[in-house]
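Asker: Would you be able to build a 3D model of this:
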Amino acid sequence: MNIPPKLPSPAIPEVWNSKEAWRVFGIMSEFVSATDRLNRIHPAVTVFGSARTRPDQPYYKLTEEISRLLSDAGFSVISGGGPGIMEAANKGAFYGKSPSVGLNIQLPHEQTSNLYQNISQTFQHFFARKVMFVKFASAYVVMPGGFGTLDELMEALTLVQTGKTRKMPIVLVGSKFWGGMIEWFRTTLLEEKVISPDDMNLIQLIDEPEAVVSAIFKHYETRGFEPSEAERERQLYL
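Answerer: All right, here's what the predicted structure looks like:
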């Protein structure tokens, strides 16, 4: 068997080594700043969805209604802080009784902060922002969206499935939008045994705004919204 020659490692300019090292402090500052600002928003629900949804579209109005109900029920509402579904989530909460929280991200083209935020935190790093979506949420409400929404949904499912964060409601809103994916989970992922039957119980598919809020309260009816000491300890290693 012919073994290909080992290629020499390219030399990395010293200036880039220095930049990478200093970048760690920037990441640390994002975690410290966000944790300090968000520590007082419990209980909270994180709402995901497309940045491209227009205010005149049904999912925008549905998100706004759900978020208003959550806010009036005592939940802070966390969104990505941008346009579309994120704006609808912040807007509904902003006019409710509980804080509207926007975790904004700096992007070259797409993201602009919406105006409906009582608490606004800006990130440069996606992974730091995603930790905050998880760390301070008592539930997830996932509206229709694209790659970013799917990324956040799968992150949440994986962390709950593996026990890296506590079990919590993950509610998909929009049977017509999500139904094909759920069916694929059942007919492909389950049949191929790459997930277990119990994993399907991590997801709820709900269309009615009032039912979304009820499902979250039902999950917590035998325990409080605050994480236990063991759950807090696990979340240190997200």
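Asker: What average pLDDT does the longest helix along the chain get?
Answerer: The longest helix of the chain (DSSP state H) is helix 14-38. Taken as a whole, helix 14-38 has a mean pLDDT of 80.
Asker: likewise stretch 115-134?
Answerer: pLDDT averaged over stretch 115-134 gives 91.
Asker: Can you list the residue ranges for helices in this protein?
Answerer: All helices of the chain, identified by DSSP H, fall at 14-38, 58-72, 85-94, 126-135, 147-161, 175-184, 209-219, 229-235.
Asker: I'd like those helices as JSON lines, with mean neighbour count and distance to M200 appended.
Answerer: Glycine gets a C-beta too; all of them are placed from N, C-alpha and C. Written out in JSON lines, the entries for the helices of the chain read as follows (neighbours: other CB atoms under 10 Å; distance: least, CB to CB, whole Å):
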{"stretch": "helix 14-38", "mean neighbour count": "12", "distance to M200": "31"}
{"stretch": "helix 58-72", "mean neighbour count": "22", "distance to M200": "23"}
{"stretch": "helix 85-94", "mean neighbour count": "29", "distance to M200": "25"}
{"stretch": "helix 126-135", "mean neighbour count": "18", "distance to M200": "21"}
{"stretch": "helix 147-161", "mean neighbour count": "17", "distance to M200": "11"}
{"stretch": "helix 175-184", "mean neighbour count": "12", "distance to M200": "8"}
{"stretch": "helix 209-219", "mean neighbour count": "17", "distance to M200": "15"}
{"stretch": "helix 229-235", "mean neighbour count": "12", "distance to M200": "23"}
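Asker: Can I get those in a markdown table including distance to P169?
Answerer: Formatted as a markdown table, the entries for those read as follows, by distance: least, CB to CB, whole Å:
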| stretch | distance to P169 |
| --- | --- |
| helix 14-38 | 20 |
| helix 58-72 | 12 |
| helix 85-94 | 16 |
| helix 126-135 | 13 |
| helix 147-161 | 10 |
| helix 175-184 | 15 |
| helix 209-219 | 5 |
| helix 229-235 | 15 |
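Asker: now for the ones you listed, which one comes closest to P197?
Answerer: Shortest separation from P197 across the helices of the chain is recorded for helix 147-161, at 12.5 Å, computed as CB to CB.
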